[in-house]
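>>> got a predicted structure plus its sequence, pasted below:
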Amino acid sequence: MAFEDFKVRRYDGDLDRARVELLERRCEVGPSQHVFLFSDTMGDPISRIRNSPLYIMLVAELDHELIGAIQGSIKVVTMKDLAKVGYILGLRVSPLHRRKGIGSSLVKHLEEWFIGNQVDYAYMATEKENNASVSLFVNKLHYVKFRTPAILVHPVRSQPLKISSKIEIFKINEEKAEYLYRRYMSLTEFFPVDIDKVLSNKLSLGTWVACDQGGRDQFGQNGHFPTNWAMLSVWDSGGLFKLRIGKAPASCLMYSKVSKLIDKVFACFSMPSLLCNMFEPFGFYFLYGVHHEGPLSGNMVRALCNYVHNMARVAVDCKMVVTEVGSYDERVRPHIPHWRLLSCLEDLWCIKALKSEERESFNELTRIPQTRPLFVDPREV
Ligand SMILES: CC(C)(COP(=O)(O)OP(=O)(O)OC[C@H]1O[C@@H](n2cnc3c(N)ncnc32)[C@H](O)[C@@H]1OP(=O)(O)O)[C@@H](O)C(=O)NCCC(=O)NCCS
């Protein structure tokens with residue numbers, strides 16, 4: 001098939017909503033043959049990017065049949081300096097039309113939209129084992145393997161988790177959270193300049209701080225902070241879409257980084273007590289902006305994670321607490337409760353410079369191993 005046989009255009013909700021959902025049902029993203037993690041976008045296929053400052057969805061059409069789709073969002077983040085980045089997600093090509101150049105054409109059209117919006121770098125995340133995707137981006141479109149953060153997943157148990165009585169946990173307001181993030185995390189890779197928008201989004205449930213018991217009153221007073229403390233924020237991903245484990249490939253819709261858990265979830269089927277209720281649609285909390293200061297702050301990170309787990313226990317439909325941390329944040333990983341079996345220890349991020357003048361700093365960026373923590377934006381989960 002030649003390129004001109006199919007047309008790439010903007011997604012039109014009225015025309016395409018049902019057809020995109022059908023395409024999703026036809027596209028399996030993971031390797032499992034038997035069990036699928038379905039996602040219900042609650043009638044809004046664009047829901048994943050809707051919270052980003054600028055976004056687009058493109059579809060590929062052939063003889064009035066919708067055969068491919070892709071989504072992209074743009075924001076300004078910290079890289080070496082501030083940079084405009086375009087995130088690529090939701091690439092799907094109908095199984096009957098693969099290896100005909102449709103996937104690469106969709107990516108190229110999205111890159112053109114990025115370039116028209118002065119984007120410096122395009123990036124995407126994929127499962128390391130997704131050969132088609134890695135080969136398309138790396139071999140065909142010259143993306144470079146960049147970072148391999150870990151997705152840590154903790155199922156919500158019926159019993160509350162213990163929190164040390166020596167640790168005090170309290171919620172801070174958006175203004176204070178923004179101040180702390182800008183002060184302590186603004187040099188973190190991919191830190192979004194519009195952190196205030198993230199914090200004020202209705203899906204952001206709040207920001208919590210942990211410190212030694214009694215430290216709350218003094219916390220941040222006159223710029224003074226205790227030696228050991230930690231903070232994190234919580235995003236209610238279930239407010240955007242639900243997940244469900246299903247056996248039949250009547251639908252094989254898998255969205256988000258959580259989709260990478262699928263085989264591992266299957267491997268867990270010997271644990272029915274925990275998973276049996278996951279056949280019904282469920283939501284999850286995503287922890288973002290995990291930051292800690294001081295040599296003993298690891299325990300505070302753990303206390304905060306346990307606190308969020310206990311919040312999730314009483315939330316409607318929330319069955320998992322998920323976070324994603326860069327390889328540089330190894331120090332904090334052991335303190336984040338997770339099941340190795342359900343977690344993805346190497347999510348692959350690939351990146352490409354879209355402006356020729358960025359090439360030099362790009363080479364520098366990709367050559368240097370990660371020397372700073374990574375901020376994973378909850379809007380891109
Ligand atoms: C990944 C996907 C979008 C590729 O779409 P596509 O239209 O088949 O891709 P293209 O025809 O443009 O392929 C371009 C190149 O990608 C690579 N590629 C694509 N499919 C491949 C496969 N199954 N195995 C190995 N390489 C593959 C090849 O290098 C190919 O070039 P070639 O055909 O000249 O050898 C499609 O397989 C798909 O929808 N998969 C399920 C959803 C998914 O995994 N999405 C990616 C999430 S990040």
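On my side now, so go ahead. Every value quoted in this text rests on a predicted model; they were computed, and no experiment measured them.

>>> residues of the stretch 101-250 of the chain that sit close to the ligand?
Counting by C-beta under 6 Å from any ligand atom, the positions of the stretch 101-250 of the chain adjacent to the ligand are 101-104, 124, 126, 130-133, 135-136, 139-140. Where you see a C-beta, it was placed from the backbone N, CA and C, and this is true even at glycine.

>>> rerun that using 5 Å as the cut-off
Proximity of the stretch 101-250 of the chain to the ligand is confined to G101, I102, G103, S104, T126, N131, A132, S133, S135, L136, N139, K140 under the rule C-beta under 5 Å from any ligand atom.

>>> in strands, which of those fall?
T126 (DSSP state E).

>>> buried subset of the residues of the stretch 101-250 of the chain next to the ligand?
G101, I102, G103, S104, T126, S133, L136 (16 or more other C-beta atoms under 10 Å).

>>> centre of this structure to the edge, which residue is at the far end?
N222 (35.4 Å; C-alpha atoms, centre = their mean).

>>> is that residue part of a helix or strand, or is it coil?
What DSSP: H, G, I helix; E, B strand; the rest coil gives for N222 is helix.

>>> quick one, phi psi at E178?
Main-chain torsions, E178, degrees, to the nearest 10: phi -60, psi -40.

>>> give me the below-cutoff pLDDT ranges for the stretch 251-381 of the chain.
By pLDDT under 70, the weakly predicted segments of the stretch 251-381 of the chain are 251-279, 358-361, 363-364, 367-371.

>>> which parts of it sit against the ligand?
Residues of the stretch 251-381 of the chain lying near the ligand (C-beta under 5 Å from any ligand atom): none found.

>>> distance-wise, check the residue farthest from the centre of the chain relative to the ligand.
48 Å (C-beta to the nearest ligand atom, to the nearest Å).

>>> could you do T366 as well?
From T366 to the ligand the distance is 19 Å (C-beta to the nearest ligand atom).

>>> longest strand of this protein?
The chain, longest strand under DSSP E: strand 65-78.

>>> show me the helices in the stretch 201-350 of the chain, by range?
Using DSSP state H, counting those that start in this stretch, the helices of the stretch 201-350 of the chain run over residues 262-267, 272-275, 298-313.

>>> the last one packs against which elements?
Using 3 or more C-beta pairs under 8 Å, 6 or more residues apart in numbering; DSSP states H and E as the contact criterion, the secondary-structure elements in contact with helix 298-313 are strand 167-172, strand 204-212, strand 229-236, strand 283-293, strand 318-325.

>>> for A69, see how far away the residue of the chain found nearest the ligand is.
Nearest to the ligand in the chain, going by C-beta to the nearest ligand atom, is G103, at a distance of 2.5 Å. Going from G103 to A69 by C-beta to C-beta, to the nearest Å gives 10 Å.

>>> which residues do the two both contact?
With contacts defined as C-beta atoms under 8 Å, 6 or more residues apart in numbering, the residues shared by G103 and A69 are L91.

>>> of all the buried ones among the residues of the stretch 101-250 of the chain next to the ligand, which two lie farthest apart?
The span of these, defined through C-beta to C-beta, is set by G101 and T126 at 19.0 Å.

>>> what's the nearest residue to L374 if we skip its chain neighbours?
In space, and not counting its chain neighbours, L374 is closest to G326: 3.0 Å by C-beta to C-beta, 6 or more residues apart in numbering.

>>> isn't the one you found right next to P373, touching?
Yes. If you go by C-beta atoms under 8 Å, G326 and P373 touch, sitting 5.6 Å apart.

>>> lovely, talk soon.
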